[in-house]
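A.B. asks: Pasting a predicted model and its sequence here:
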Amino acid sequence: MKTTKRRLLFLIAAICLGTSLGGCGQQDSGAAIIRIGHNQSTNHPTHIALTAFESFIEEKLGDKYNIEVFPSELLGSQNEMVQLTQTGAINFCVASNSLLETFSENYTLFNLPYLFDSSEAYHASMDDENITGPIFESTKTAGFEAVTWLDAGTRNFYTVSTPIESPADLKGLKIRVQQSPTNVQMMNLLGGSATPMGFGDVYTALQSKIIDGAENNEMALTDNGHGDVCKYYSYDMHQMIPDILIANCDFLDGLSEEERAIFEEGFQLVNQVQREEWVSAVEKAKERAQNEQGVQFLYPDIKPFQEACASMHEAMLEQYPDLVPIYEMIQMHNEEFSSGNS
Ligand code: GCU
C-alpha cells in the first residue's frame, strides 16, 4: 500500500478509534470491541494465531468482548500501531522487537546480531520468564506492555541481483533495515548502506530500485512478494528477532481477575498456535520461492558476518549494564543447546 494512502487510513483510524474507553468501543449487544492490529497478510501464522485468540475469547467471554483483528497495516505501520496501543486507541498490536528499542532500551538486547547460537537457544530464552520478564514490563510507564512473543524466524539478506557470499559483497549496496538504531549500526558494520523504512514500503522500494536488497525471514519473499524482485537469498543468519504482542496497560488493568486469567490463557494460545504454524509456513515459503519465484538460496560461511559485528555485544553491555545478567542467562541457553546448532 502506498505510504500516503496508508497515512490517510492511519489518520482516519486514529480519529475513529480514539475513545476514552481504552479503545473499547461499545456495540449494541453491549460487548466491548477489542481491536488488534498487525502488519502481516491473512495467510500468515500471526493472523491465524490471532484468529484463534478471537475464537477463544469470544467463546469464553463473548457477551462482554468482541475481538476484531486488523491485518495488513490496515491500522497503520507498526510504528503507528504501537502509538495507537500506547494511547489506548486500540487494545493490542504486534510489533517487531526491533521497533520497541526506541520505547525501552531493554529491548535492544534481542536485536543484537548473533545473540542466539541456535533456534533452540532462541526459543528457550524467549520462553524463560527470567529473561523476558524485565524486558516485557519495561514499557509499562509508556502505557503498554508485552503479553507474549511470536516467532519470526531468522533474518537473512536478499538482493535483487548480487549474491551475498561474504560481507564484502554488501559494500555499496543499499539495504533496507527496520527502523532501529541497532539495525542501522549492524548494517553499517557489515559494510552495506543501511536504509531504514517501514515494512509496507519495502516492495515498492525494491521494485523501483531505491534499494538493492533487504533482510528478513523467508516469508517476506512469498507473502510480501519480495521474491518476485529479489533472486538471491543468503543464509548469513544475522538475527533472530521475535515479534511481540503488546497490550494497552489501562485495558489490561481494567479486566477483572477472572477475565484477566482467561486473557492470559488466550495469550499462551497465540504463542502456541503461531509457533506451530510457523514451522510449516517457512517450509512452504522456501519451496514456493525456489520453484515459483526462481529465488536461489545461498549458504555462506557465517563467521565473517559474525566477526564484523561482534563488537556490538560488548558495546551494548557497557552502555546498558542492567542487561548483563539477562545476557548471561541467554549465554546459558546457548551453551545448553551448543551441540544442537541449527
Ligand atoms: C518480519 C516481522 C515483522 C516486521 C518485518 C519487518 O516480517 O515478522 O514484524 O515488521 O519483519 O522487517 O519490518
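C.D. replies: Looks like it arrived, so ask away. Numbers count the residues shown, from 1 in each chain.

A.B. asks: interface residues of the stretch 1-150 of the chain facing the ligand?
C.D. replies: Within the stretch 1-150 of the chain, the residues that sit near the ligand (C-beta under 6 Å from any ligand atom) are 39, 78, 96. (Each C-beta comes from the backbone N, C-alpha and C, glycine too.)

A.B. asks: let's see it at 5 Å
C.D. replies: Residues of the stretch 1-150 of the chain lying near the ligand by C-beta under 5 Å from any ligand atom: residue 96.

A.B. asks: Now do the strands in the stretch 1-150 of the chain.
C.D. replies: 25-26, 32-37, 65-70, 92-96, 144-150 (DSSP state E, counting those that start in this stretch).

A.B. asks: mean confidence score for the first one?
C.D. replies: Looking back up the chat, that one is strand 25-26. Confidence for strand 25-26, expressed as mean pLDDT, is 67.

A.B. asks: re earlier: deepest of the strands of the stretch 1-150 of the chain, which one?
C.D. replies: Counting by mean count of other C-beta atoms under 10 Å, strand 92-96 has the highest mean neighbour count of those, with a mean of 27.

A.B. asks: and that strand, what does it pack onto?
C.D. replies: strand 32-37, helix 78-87, strand 243-248 (3 or more C-beta pairs under 8 Å, 6 or more residues apart in numbering; DSSP states H and E).

A.B. asks: Could you give the number of residues near whatever residue of the stretch 201-342 of the chain ends up closest to the ligand?
C.D. replies: In the stretch 201-342 of the chain, the residue that lies nearest the ligand is residue 243 (4.5 Å; C-beta to the nearest ligand atom). Residue 243 has 22 neighbouring residues, counting by other C-beta atoms under 10 Å.

A.B. asks: pLDDT weak spots in the stretch 1-150 of the chain?
C.D. replies: The model of the stretch 1-150 of the chain has pLDDT under 70 over residues 1-28.

A.B. asks: Looking at the nearest residue to residue 171 once chain neighbours are set aside now. What's its pLDDT?
C.D. replies: Spatial nearest neighbour of residue 171, excluding adjacent residues (C-beta to C-beta, 6 or more residues apart in numbering): residue 191 at 4.7 Å. For residue 191, the pLDDT comes out at 97.

A.B. asks: check contacts around residue 191.
C.D. replies: Applying C-beta atoms under 8 Å, 6 or more residues apart in numbering to residue 191 gives the contacts 167, 168, 170, 171, 308.

A.B. asks: do the same with residue 48
C.D. replies: 273, 274, 277.

A.B. asks: can we see that at 10 Å?
C.D. replies: 40, 42, 270, 273, 274, 276, 277, 278, 281 (C-beta atoms under 10 Å, 6 or more residues apart in numbering).

A.B. asks: quick one, helices of the stretch 151-300 of the chain?
C.D. replies: Shown for the stretch 151-300 of the chain, the helices assigned by DSSP state H, counting those that start in this stretch span residues 181-190, 202-207, 219-222, 249-253, 257-291.

A.B. asks: what's the neighbour count on residue 318?
C.D. replies: Neighbours of residue 318 under the rule other C-beta under 10 Å: 9.

A.B. asks: Settle this for me: it is touching residue 327, isn't it.
C.D. replies: No. Using C-beta atoms under 10 Å, residue 318 makes no contact with residue 327, being 11.5 Å away.

A.B. asks: returning to that earlier point: which one (most neighbours) among the contacts of residue 191?
C.D. replies: Counting by other C-beta under 10 Å, top hit in these: residue 170 with 25 neighbours.

A.B. asks: Quick check: the gap between residue 197 and the ligand.
C.D. replies: Counting by C-beta to the nearest ligand atom, to the nearest Å, the gap from residue 197 to the ligand is 9 Å.

A.B. asks: Do I have it right that that residue meets residue 211?
C.D. replies: Yes. With contact defined as C-beta under 10 Å, residue 197 reaches residue 211; the gap is 8.0 Å.
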